[in-house]
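J.: Have a look at this fold, sequence not included:
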């Protein structure tokens, strides 16, 4: 006789495992612990097999019968339902997204990888994670993006990009035929992208006056001045290690794993930068970090160190990252060639051969440019009006 819910509830554990049949290969397995598990028994290619269908009551009697019928259809076609299930698990959005993240771990910095994974976990996986990649439609993705857009428009636009990247991974591995995120270009509201404001030339002397009066930690003040003299990114500066810096050769080599572009970046150190580093070396050299965390010297300073300092100095709009923009404007106005400026800022260069050339052959030119930049800043601090000299192209 077929099972009923009342019969199932009346089944009690005994000293050993036993099964009660429902029909057509479906049975309920009762363990000595009282757990009740659905099993589907079938024969395929002359061999007996068994498929787990879930636990009762999470999987109800009607659910179990439906799962049995779906599995029986696969068996009739000569397909092992257990193998089919495994293939489906490998074709979920989550599984392919994890492959995509693993690929990018060789390209992205650890910080970027952590941010991308957090986006998937918090915003994308809850809706798409366990769904088969080919069952996801443009409408499904749009609902997610609109939900994110309500509070974070920029994140919504970026989410569409990373979802598309996962689908392109699936297409390349023959697990999907199209990217349903592609038709959604333009579906979100246009964003007003806010770039980091640069500090106008007229306000640079005022900044250094405030920096001169700063009464906080001397290493923080040193970091602020070095940011101007090296033009590196804030996260690259605060995580600097002493073993990356050669004060005799006056160069700082930032390893690829810490760089946004995932390539070593050699930064020329002008005399004032060397002077600053020598002044703080006795304070921090023993920790290994140029700017150790004040609460835990085994770690570098936090990424927000300079931003907090900027706020203390009274700058709410102008951020530490804006220093790079101020430098770039000065360098272009002074007539330096774009490829030398971009090499110093370590921006992407689509021409890989030229990119490699930049990191070596441009070192002398970049050193001369940074020395001129340091002299320019000194002149502004001393109240000297400096007119940029147009360099020959």
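T.: Alright, I've got the coordinates. Because the structure is a prediction, the values reported are computed rather than measured.
J.: what's the next secondary structure element after the worst-scoring helix or strand of the chain on mean pLDDT?
T.: Within the chain, no helix or strand scores below helix 352-361, which has a mean of 46 by mean pLDDT, DSSP states H and E. Using DSSP states H and E, the helix or strand that follows helix 352-361 towards the C-terminus is helix 363-381.
J.: which other helices and strands contact that next one?
T.: helix 204-212, helix 218-230, strand 265-268, helix 271-284, helix 322-333, helix 338-345 (3 or more Cβ pairs under 8 Å, 6 or more residues apart in numbering; DSSP states H and E). No exception for glycine: its C-beta is placed from N, CA and C like everyone else's.
J.: export the ones you listed to JSON lines and tack on mean pLDDT, mean neighbour count and distance to residue 57?
T.: Listed next are the helices and strands packed on helix 363-381 as JSON lines, based on pLDDT from 0 to 100; neighbours: other Cβ atoms under 10 Å; distance: least, Cβ to Cβ, whole Å:
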{"stretch": "helix 204-212", "mean pLDDT": "91", "mean neighbour count": "15", "distance to residue 57": "67"}
{"stretch": "helix 218-230", "mean pLDDT": "95", "mean neighbour count": "20", "distance to residue 57": "60"}
{"stretch": "strand 265-268", "mean pLDDT": "91", "mean neighbour count": "22", "distance to residue 57": "60"}
{"stretch": "helix 271-284", "mean pLDDT": "95", "mean neighbour count": "16", "distance to residue 57": "62"}
{"stretch": "helix 322-333", "mean pLDDT": "92", "mean neighbour count": "19", "distance to residue 57": "60"}
{"stretch": "helix 338-345", "mean pLDDT": "90", "mean neighbour count": "20", "distance to residue 57": "61"}
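J.: Figure out which of the ones you listed is closest to residue 197.
T.: Residue 197 sits nearest to helix 322-333 of all the helices and strands packed on helix 363-381, at 5.5 Å, using Cβ to Cβ.
J.: Touching that closest one from outside, list them.
T.: 195-199, 201, 204, 227-228, 231, 233, 338, 341, 344-345, 369, 373, 376, 388 (Cβ atoms under 8 Å, 6 or more residues apart in numbering).
J.: For it, what is the distance to the chain centroid?
T.: Its chain's C-alpha centre lies 27 Å from the corresponding centre of helix 322-333 when counted by Cα atoms, centre = their mean, to the nearest Å.
J.: Number the chain from 54, please
T.: Fine by me, first position is 54 from now on; the one you just mentioned is helix 375-386.
J.: Name the nearest residue to residue 158, ignoring sequence neighbours.
T.: residue 166 (5.4 Å; Cβ to Cβ, 6 or more residues apart in numbering).
J.: which SS state does the one you found fall under?
T.: The three-state label for residue 166, taken from DSSP: H, G, I helix; E, B strand; the rest coil, comes out as helix.
J.: how much space between it and residue 58?
T.: 48 Å (Cβ to Cβ, to the nearest Å).
J.: And for residue 417?
T.: For residue 417, the distance to residue 58 - Cβ to Cβ - is 83 Å.
J.: and if you look at residue 169?
T.: 46 Å.
J.: Give me the more crowded residue out of the two.
T.: Taking other Cβ atoms under 10 Å, residue 169 and residue 58 do not tie; residue 169 has more neighbours (19 against 12).
J.: Report the buried residues of stretch 338-350.
T.: Neighbour-count burial for stretch 338-350 flags 340, 342, 343, 344, 345 (criterion: 16 or more other Cβ atoms under 10 Å).
J.: For the stretch 104-253 of the chain, give me the ranges with low pLDDT.
T.: Along the stretch 104-253 of the chain, the parts satisfying pLDDT under 70 run over 140-142, 242-249.
J.: Please enumerate the helices of it.
T.: 114-129, 134-143, 146-157, 163-172, 178-181, 191-202, 206-225 (DSSP state H, counting those that start in this stretch).
J.: among the ones you listed, which is nearest residue 290?
T.: Of the helices of the stretch 104-253 of the chain, the one closest to residue 290 (Cβ to Cβ) turns out to be helix 163-172, at 13.8 Å.
J.: how big is the angle separating that closest one from helix 191-202?
T.: 110 degrees (axes from the mean of the first three to the mean of the last three Cα atoms, to 10 degrees).
J.: For helix 163-172, enumerate the helices and strands it packs against.
T.: Looks like helix 163-172 contacts helix 146-157, helix 206-225 (3+ Cβ pairs under 8 Å, 6+ apart).
J.: Make a markdown table out of those helices and add distance to residue 306.
T.: Listed next are the helices and strands packed on helix 163-172 as a markdown table, based on distance: least, Cβ to Cβ, whole Å:
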| stretch | distance to residue 306 |
| --- | --- |
| helix 146-157 | 24 |
| helix 206-225 | 31 |
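J.: For residue 69, which of those is the nearest?
T.: Closest among these, once you apply Cβ to Cβ, is helix 146-157, at 37.6 Å.
J.: Residues touching that closest one, excluding its own?
T.: 142, 166, 169-170, 173, 177-178, 181-186, 189, 218-219, 222-223, 226, 228.
J.: let's go with 7 Å and repeat that
T.: Residues from elsewhere that reach helix 146-157, judged by Cβ atoms under 7 Å, 6 or more residues apart in numbering: 142, 166, 169-170, 173, 178, 181-184, 186, 189, 218-219, 222-223, 228.
J.: Buried residues in that helix, which are they?
T.: Buried residues in helix 146-157 (16+ other Cβ under 10 Å): 146, 147, 148, 149, 150, 151, 152, 153, 154, 157.
J.: okay, those in CSV with distance to residue 387 next?
T.: What follows is the buried residues of helix 146-157, written out as CSV (distance: Cβ to Cβ, whole Å):
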residue, distance to residue 387
146, 50
147, 51
148, 52
149, 48
150, 46
151, 48
152, 47
153, 42
154, 42
157, 37
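J.: isn't there a helix covering residue 103?
T.: No. Judged by three-state DSSP, residue 103 forms no part of a helix; its state is strand.
J.: What is the neighbour count of it?
T.: Residue 103: 13 neighbours (other Cβ under 10 Å).
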